[in-house]
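*Asks:* Below is the sequence, then the predicted model.
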Amino acid sequence: MTTFKVSVTAGDGGFVAFRGEGEDEQLKQVENEFAAATDVEIAMIPQRDHTVACWHYNGTEYDGPGRGPSVDGVKRYFRINGIARHAVVNVSFVPLTATVLASPARSDNDPGGYVSPSYKGAPFPIEWGKSKQFRAHPSKGFEVDRWVLDGKTAQVGAASFTLQGPRDDKQHHLTVEFAKKAYVIKPVAGPHGAIDPSEPFKAEAGRSYLFTAVPHSGYRIKQWLRDGSVVAAEDLSDLTNYPLDDVSANHTVTVQFEPASLGLLREATATVTAEVIGKARLVSYPRDSGITYEVPLYRLRLDGTDADGRAVSHDFRVARYGVGFTDKDTAPYICSVRAGRYLIKRWITGYAKHGAWVLKDGYFLHAAQARPEQETGLNGCVGVYGPNTLKAFNEVLCALMNVDADEAGRKAIAASGKFVVVVESAKRPPLKPWGGVR
């Protein structure tokens, strides 16, 4: 009996088999012998997102099945009718692609910008299931409004868009739409004044806007800030107005005010005396030893003058000695700021909840507790006790120095050079437990 050998090879992207023999085995090459005049059918099996491109039979090319929903990615069969010679069959596969037309192309000269890649406005293929990133290039003063795929909004805004390759043979249209930029301008007026315009608004790119400051009675304009940075006064023709020119980004325009009588601040002195008037309960700081300690409570005398120049004095209770204990220490110890005269140049907002006056680096005058028997930690700072702790102290201080009792007033005091804290010499107390281990 005469037989003929048939050898079949699959290219990248697919597999081959003889019909009914291992079609599910993902074979790249098969070979068998068949009796003369036998009809031989060869299965051509594409991988996912591939399709049969063509096949060669003994060197002769046969066109593939083409494109369309009925053939894309579908297994095909090639039939040799009544085999009469040895046969070599090579099957080729190609990735399935969809066609995309991206616009506007750079060559379109759209005033809003262009998209890339766009292949000069010509359709181009994208493999099925593969992603393709497109990037928008807005012209000056424009921004991306939305990305439109086949007539429907696919994404709002953003400089790039990723398209997942559609699984069909259609031509898809991807368009990026541009719009003129609109920036948000936020006017902000500090305490004791107003700004006009006063509400946030949208500004067109390239336009200029003028802001006007209106201080309350008894106040004046201190400074203008743009996005948190101080605007140099010499850059302004008139401190009352601030021009925001050639807008090209979001901005915050802030005006701050200060007392008109800032140069008339009165002097004040806080004296931490050596007079013991009670005791306070402390914990070691920053490391807690598990023991509470007793330290003396001292009188602080705040001296100044009223509007008529008469001497005024107020007393407060403070702890001037603390209990320090760090990870480097073998045991807690008594600590304090050195006796001396300290010119106050800095106020820290929010320190220890109520803020703090800086005596020197690492040493502050700040709030302690409402009652001395309440536990607190002090590491050599001066802690103020009382129902309103440091708030009460600051209210008296601001009144003595002729400023409002607010953040602006406290910062004005720190900048004035007229507030002094004097710490008198006192005998260092022993390290004494309050009531044993907690």
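*Replies:* Nice, I can see it.

*Asks:* quick one: residue 14 and residue 49 touch, right?
*Replies:* No. Contact criterion C-beta atoms under 8 Å: residue 14 and residue 49 do not qualify, at 11.1 Å. Just so you know, the C-beta spots here come from the backbone N, C-alpha and C atoms, and that holds for glycine as well.

*Asks:* Looking at the two, which is more packed in?
*Replies:* With neighbours defined as other C-beta atoms under 10 Å, residue 14 and residue 49 compare such that residue 14 has more, 23 against 17.

*Asks:* Now the more buried one. Nearest residue, chain neighbours left out?
*Replies:* Spatially, and ignoring its direct neighbours in sequence, residue 14 is nearest to residue 93 (3.7 Å; C-beta to C-beta, 6 or more residues apart in numbering).

*Asks:* That neighbour: what's it in contact with?
*Replies:* Applying C-beta atoms under 8 Å, 6 or more residues apart in numbering, we find residue 93 in contact with 10-14, 44, 46-47, 50-53.

*Asks:* Check the secondary structure at it for me.
*Replies:* Recorded secondary structure, residue 93: strand (DSSP: H, G, I helix; E, B strand; the rest coil).

*Asks:* Can you tell me who it pairs with across the strands?
*Replies:* Beta-bridge pairing of residue 93 under DSSP bridges involves residue 52.

*Asks:* go on, residue 433?
*Replies:* Taking DSSP bridges as the rule, residue 433 bridges to residue 293.

*Asks:* quick one: it from residue 289, how far?
*Replies:* Applying C-beta to C-beta, to the nearest Å, the value for residue 433 to residue 289 is 10 Å.

*Asks:* Counting neighbours, go ahead and name the busier of the two.
*Replies:* For residue 433 versus residue 289, neighbours defined as other C-beta under 10 Å are more numerous around residue 289 (17 against 11).

*Asks:* now that one: how far from residue 102?
*Replies:* Plainly put, residue 289 is 70 Å away from residue 102 if you go by C-beta to C-beta.

*Asks:* do residue 414 as well
*Replies:* 60 Å.

*Asks:* So these two - more neighbours on which side?
*Replies:* The neighbour comparison of residue 414 against residue 102 (other C-beta under 10 Å) goes to residue 102, with 24 against 17.

*Asks:* The more buried one reaches residue 120, doesn't it?
*Replies:* No. Judged on C-beta under 8 Å, residue 102 makes no contact with residue 120 at a distance of 10.4 Å.

*Asks:* quick one on the thing from earlier: for ChimeraX, write a command that selects the buried ones of the contacts of residue 93.
*Replies:* Selection command for ChimeraX covering only the buried members of the contacts of residue 93, criterion 16 or more other C-beta atoms under 10 Å:
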select :10,11,13,14,44,46,50,51,52,53
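
*Asks:* Pick the one among the contacts of residue 93 closest to residue 127.
*Replies:* Nearest to residue 127 out of the contacts of residue 93 is residue 50 (C-beta to C-beta; 9.2 Å).

*Asks:* Leaving out chain neighbours, which residue sits closest to the closest one?
*Replies:* Distances taken as C-beta to C-beta, 6+ apart place residue 13 nearest to residue 50, at 3.9 Å, with adjacent residues excluded.

*Asks:* Quick one: residues contacting the one you found.
*Replies:* Residues near residue 13 by C-beta under 8 Å, 6+ apart: 46-47, 50, 93-95.

*Asks:* now do 6 Å
*Replies:* Each residue near residue 13 by C-beta atoms under 6 Å, 6 or more residues apart in numbering is listed here: 47, 50, 93.

*Asks:* Just the closest of the residues you listed to residue 149, please.
*Replies:* residue 50 (24.2 Å).

*Asks:* Next, the contact list for the closest one, please.
*Replies:* Taking C-beta under 6 Å, 6+ apart as the test, what residue 50 contacts is 13-14, 93, 95.

*Asks:* can you give me the helices for this structure?
*Replies:* Counting by DSSP state H, the chain has helices at residues 389-401, 407-416.

*Asks:* which of the residues in the longest one are buried?
*Replies:* This points to helix 389-401. For helix 389-401, the neighbour count (16+ other C-beta under 10 Å) marks 389-390, 393-394, 396-401 as buried.

*Asks:* before we move on, what about the shortest one?
*Replies:* By neighbour count, and taking 16+ other C-beta under 10 Å as the criterion, the buried residues in helix 407-416 are 408-414, 416.

*Asks:* quick one: average pLDDT of it?
*Replies:* Average pLDDT, helix 407-416: 89.

*Asks:* Convert the C-alpha atoms of it to CSV, please.
*Replies:* The C-alpha trace of helix 407-416 is given here as CSV (Å, rounded to 0.1, in the frame of the first residue of the first chain):
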residue,chain,number,x,y,z
GLU,A,407,-2.3,85.6,67.3
ALA,A,408,-1.6,88.8,65.5
GLY,A,409,-1.2,90.6,68.9
ARG,A,410,1.1,87.9,70.3
LYS,A,411,3.3,88.0,67.2
ALA,A,412,3.4,91.7,67.4
ILE,A,413,4.7,91.4,71.0
ALA,A,414,7.4,89.0,69.9
ALA,A,415,8.5,91.4,67.1
SER,A,416,8.4,94.5,69.3
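
*Asks:* Measure how far that helix is from the centre of its chain, please.
*Replies:* 32 Å (C-alpha atoms, centre = their mean, to the nearest Å).

*Asks:* got a list of contacts for that helix?
*Replies:* With contacts defined as C-beta under 6 Å, 6+ apart, helix 407-416 is touched by 191, 262, 265, 345-347, 398, 401, 403, 419.

*Asks:* give me the low-pLDDT residue ranges for the protein?
*Replies:* Of all residues in the chain, those with pLDDT under 70 make up the ranges 261-263, 436-438.

*Asks:* Show me the domain layout of it.
*Replies:* As assigned by automatic domain parsing, the chain contains the domains 3-95, 98-180, 184-260, 265-437.
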